[in-house]
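**Q** Quick check, what structure comes out for this input:
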Amino acid sequence: MLEARGWVLSPEQQSRVEACRDVAQLAAWTVRVVTADDVFG
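**A** The predicted structure follows:
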């Protein structure tokens, strides 16, 4: 989804996302990706 919006994660951010096993955290990040105006929103 990030790439589709033209956003790029830092290597540290990408590692954090890939290592996350917390379904609630992943869901929260997904909502933010869909609703944010920018990557920092």
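
**Q** Do me a favour and get the end-to-end distance for stretch 3-15?
**A** Start and end residues of stretch 3-15 are separated by 16 Å (C-alpha to C-alpha, to the nearest Å).

**Q** burial measure for the nearest residue to residue 20 once chain neighbours are set aside, as a count.
**A** Spatially, and ignoring its direct neighbours in sequence, residue 20 is nearest to residue 26 (5.8 Å; C-beta to C-beta, 6 or more residues apart in numbering). (Glycine included, C-beta is placed from N, CA and C.) Close neighbours of residue 26, defined as other C-beta atoms under 10 Å, add up to 12.

**Q** Next one: residue 26 from residue 3, what distance?
**A** Going from residue 26 to residue 3 by C-beta to C-beta, to the nearest Å gives 17 Å.

**Q** How about residue 28?
**A** With C-beta to C-beta as the criterion, residue 28 and residue 3 are 19 Å apart.

**Q** what about these two, which has more around it?
**A** A side-by-side neighbour count of residue 28 and residue 3, using other C-beta under 10 Å, places residue 28 first with 11 against 8.

**Q** Spell out which helix or strand contains the more buried one, please.
**A** Here residue 28 sits within helix 23-35, counting by DSSP states H and E.

**Q** For that helix, which residues meet the burial criterion?
**A** Neighbour-count burial for helix 23-35, counted by 16 or more other C-beta atoms under 10 Å, picks out residue 29.

**Q** Work out which residue lies at the spatial centre of this structure.
**A** Residue closest to the average C-alpha location in the chain (C-alpha atoms, centre = their mean): residue 29, at 5.0 Å.

**Q** Quick check: the nearest residue to it once chain neighbours are set aside vs residue 6, distance?
**A** Among residues not flanking residue 29 along the chain, residue 17 sits closest, at 7.0 Å (C-beta to C-beta, 6+ apart). Noted for residue 17: a distance of 17 Å to residue 6, by C-beta to C-beta.

**Q** So which of those two has more stuff around it?
**A** Legend: neighbour count by other C-beta under 10 Å for residue 17 and residue 6, higher for residue 17 (13 against 8).

**Q** Any idea which helix or strand in the chain has the lowest mean pLDDT?
**A** The helix or strand of the chain with the poorest confidence is helix 23-35; it has a mean of 92 (mean pLDDT, DSSP states H and E).
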